[in-house]
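Colleague: Okay, here's the prediction I keep looking at, along with the sequence it came from:
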Amino acid sequence: MSQPVTMQPREAMAALVAPEGRRDPYALYDALRAHGDVVPVKPGLMVAVGYTACSRALREPRLLVQDARSHDRLYPDWRSHSSLRGFTESVLYTNPPDHSRMRRLMSAGFTPRRVAALEPAIVRMTDRLLDRMADLGTGGAPVDFMAEFAYRLPVAVIGAMLGVPDDDQIWFRDAVEDVTVALEGISRSSGLTAADRAMDELSAYFAGLIEQRRAHPADDLISALVEAHETDGERFTEDELIGNLVLLLAAGFDTTTHLLGHGLSLAFEHPRYALRLRTEPGFAAGYVEETLRYAPPVHATSRFAGADVDVAGTTVPEGTKLLVLLAAGNRDPERFPLPHRFDPGRLDVQPLSFGAGAHFCLGAPLARVEARIALPRLLDRFPGLVPAGAPPTATGSSSPATSGSRSPSRRRRTPSPSRTGTETANADGRAPCEGARPSASRGVLTRPRSSGAPAPSPPARAADARRWRTPHARPPAW
Ligand code: HEM
């Protein structure tokens, strides 16, 4: 952790998008916080950096997310992109009353019962992916953890929850990766060719799946949402239903991948916690919460002031864009003593990592369950797991193995007739955030060792692990 620096807000914000700032933004967040909890950067742009300020901003109904109306005002050509049109039909880009209506319908399908029912399947999916890692690591060969495990598990889990047939998960993994680019901010209206194509494919695919479930309902989320669409007094339009289904795929996949990557990197840095994850069944919950606080997969989101609004004692004038730095709030010393220390023993953590208020992450319980199941099982299966070297790239696509699978010919556009099995061996943000997602943990190469094999000392590699965590995949737009 570098020392706090003295900087003007504008300078700190510019530094945040430079490569060095993206690698280690926390000193810059501290530099911003030295100016207050809510800081003006330039006319029309302010940034929330204190924990309380971020939390209040996200709960303030007069601070709005970007929606079709604001897109029309700010980015007149946005409708020419199907990826932007698709996501703008979803909960992430709508305000009340549309948001409240859709959110109620989504929450009715995305129930705690459905998440709990998935737990045994998540255990089985985890174990099958670990078997695969063991095969790939035969003879001590390094295995790309991010590509072979962290990337595959969340896709398999959300696929199983939605009811996407196993056979389709291979192609939709690629499509989801492409479409996710469009979540990085509406201001990014170039470079969306692949995202637009992926949105078209996914929309056509889900339209087919919706038809199938209409005819033959199943015990899955798509059927539940279709049923809500058909019978509830409050309804989705067909485009909203499809936009929200694509959002569920996109929002739940990169983010959880990085939670798993950060969880493992931190276990490499702190071998004593790795041991406790393996041996103390109750330890994982606190470990995952602290990982979310310390290394959140999503660093920022934003709102627009629909009126003059007071946020933690500072006025945010009408029309101002407020960048909400969740990762900075998570390191606020007023809220977390010794905030730059990774300490899974903290009580009452409540990180801002899943947001707060009306747009609080719908998938938070699912992401938590996945990490709580996967990390202990991984470390238990391979107690001598060590980093095998630096990742192939600091940003971008993770590994040759992954990029090699991105052939368009593998894409499928119509739903497979087969039912979802949650136990497939090949199963594989605003992510929900404007442009602020990490990617460095993508390249965590590991050397799986079965129990009993002597492991090289993890601390010798800790410096590598630290370098791998950078906060932003691409520079955020502000
Ligand atoms: C560690 C994993 C995850 C992180 C860090 C994360 C983070 C976030 C954040 C910060 C927001 C709020 C954005 C805002 O207020 O502007 C959000 C919203 C959302 N997330 Fe997640 N998420 C994760 C996993 C998931 C999963 C697994 C799913 C679904 C399967 C999901 C679905 C959603 C949806 C649908 C929203 C929009 C809610 C709304 O606007 O009402 N997320 N997420």
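Modeller: Received the coordinates, thanks. Numbers count the residues shown, from 1 in each chain.
Colleague: dump the residue contacts of the closest residue to the ligand within the stretch 351-478 of the chain.
Modeller: The minimum distance from the stretch 351-478 of the chain to the ligand, using CB to the nearest ligand atom, falls at Gly363 (2.0 Å). Every C-beta, even on glycine, is put in place using the N, C-alpha and C of the backbone. Contact partners of Gly363, counting by CB atoms under 8 Å, 6 or more residues apart in numbering, are Phe110, Ile158, Leu248, Ala251, Gly252, Thr256.
Colleague: Give me every residue in the stretch 101-250 of the chain lying close to the ligand.
Modeller: Contact residues (CB under 6 Å from any ligand atom) of the stretch 101-250 of the chain with the ligand: Arg103, Ile158, Leu247, Leu248.
Colleague: Show me which pair in those residues is furthest apart.
Modeller: Arg103 and Ile158 (18.1 Å; CB to CB).
Colleague: coming back round to it: lowest pLDDT pick from the contacts of Gly363?
Modeller: Sorting the contacts of Gly363 by pLDDT puts Gly252 at the bottom of the list (82).
Colleague: mind listing what it touches?
Modeller: Pro154, Val157, Ile158, Gly363, Leu366, Ala367.
Colleague: If we use 7 Å, what do you get?
Modeller: Pro154, Ile158, Gly363, Leu366 (CB atoms under 7 Å, 6 or more residues apart in numbering).
Colleague: In helices only, show me those residues.
Modeller: Pro154, Ile158, Leu366 (DSSP state H).
Colleague: Mind telling me which residue of the stretch 51-200 of the chain is nearest the ligand?
Modeller: Closest point on the stretch 51-200 of the chain to the ligand, by CB to the nearest ligand atom, is Val91, at 3.8 Å.
Colleague: Does that residue touch Asn244 like I think?
Modeller: Yes - between Val91 and Asn244 there is a contact under CB atoms under 7 Å: 6.3 Å.
Colleague: joint contacts of the two?
Modeller: Met102, Met106.
Colleague: Of the contacts of Gly363, which is the most crowded?
Modeller: With neighbours defined as other CB atoms under 10 Å, the most crowded of the contacts of Gly363 is Ala251; it has 29 neighbours.
Colleague: now the strands for the stretch 101-250 of the chain?
Modeller: In the stretch 101-250 of the chain, the segments counted as strands under DSSP state E, counting those that start in this stretch are 143-144.
Colleague: quick one: low-confidence parts of the stretch 1-150 of the chain?
Modeller: Scanning the stretch 1-150 of the chain for pLDDT under 70 picks out 1-5.
Colleague: Confirm Ser302 sits in a strand?
Modeller: Yes - counting by DSSP: H, G, I helix; E, B strand; the rest coil, Ser302 falls inside a strand.
Colleague: if we take the contacts of Gly252, which one ends up nearest to Leu32?
Modeller: So of the contacts of Gly252, ranked by how close each gets to Leu32 (CB to CB), first place is Gly363, at 28.7 Å.
Colleague: Which pLDDT value belongs to that closest one?
Modeller: Predicted confidence (pLDDT) for Gly363: 95.
Colleague: How many residues are close by Ser107?
Modeller: 12.
Colleague: Quick check: the closest residue to it other than its chain neighbours vs Ile170, distance?
Modeller: Nearest residue to Ser107, sequence neighbours excluded (CB to CB, 6 or more residues apart in numbering): Leu362, at 7.1 Å. Between Leu362 and Ile170 the distance is 25 Å, computed by CB to CB, to the nearest Å.
Colleague: neighbouring contacts of stretch 113-124?
Modeller: Val157, Ala160, Met161, Leu221, Pro365, Leu366, Val369, Glu370, Ile373, Thr422, Glu423.
Colleague: ok and the residue in the stretch 201-350 of the chain nearest the ligand?
Modeller: For the stretch 201-350 of the chain, CB to the nearest ligand atom, closest residue to the ligand: Gly252, 2.9 Å.
Colleague: Might you enumerate the residues of the stretch 251-400 of the chain proximal to the ligand?
Modeller: Within the stretch 251-400 of the chain, the positions near the ligand by CB under 6 Å from any ligand atom are 251-252, 255-256, 259, 296-298, 301, 353-355, 359, 361-363, 366-367.
Colleague: Among the contacts of stretch 113-124, list the two that are farthest apart in space.
Modeller: For the contacts of stretch 113-124, with distances taken as CB to CB, the pair at the greatest spread is Pro365 and Glu423 (21.1 Å).
Colleague: Which one's more surrounded, Leu362 and Ile170?
Modeller: Leu362 (21 against 17).
Colleague: my guess is Arg368 contacts Gly286, does it?
Modeller: No - Arg368 lies out of contact with Gly286 (CB under 7 Å); the separation is 11.4 Å.
Colleague: quick one, helices of the stretch 1-150 of the chain?
Modeller: 9-16, 19-23, 26-33, 51-59, 68-74, 82-88, 98-109, 112-136, 145 (DSSP state H, counting those that start in this stretch).
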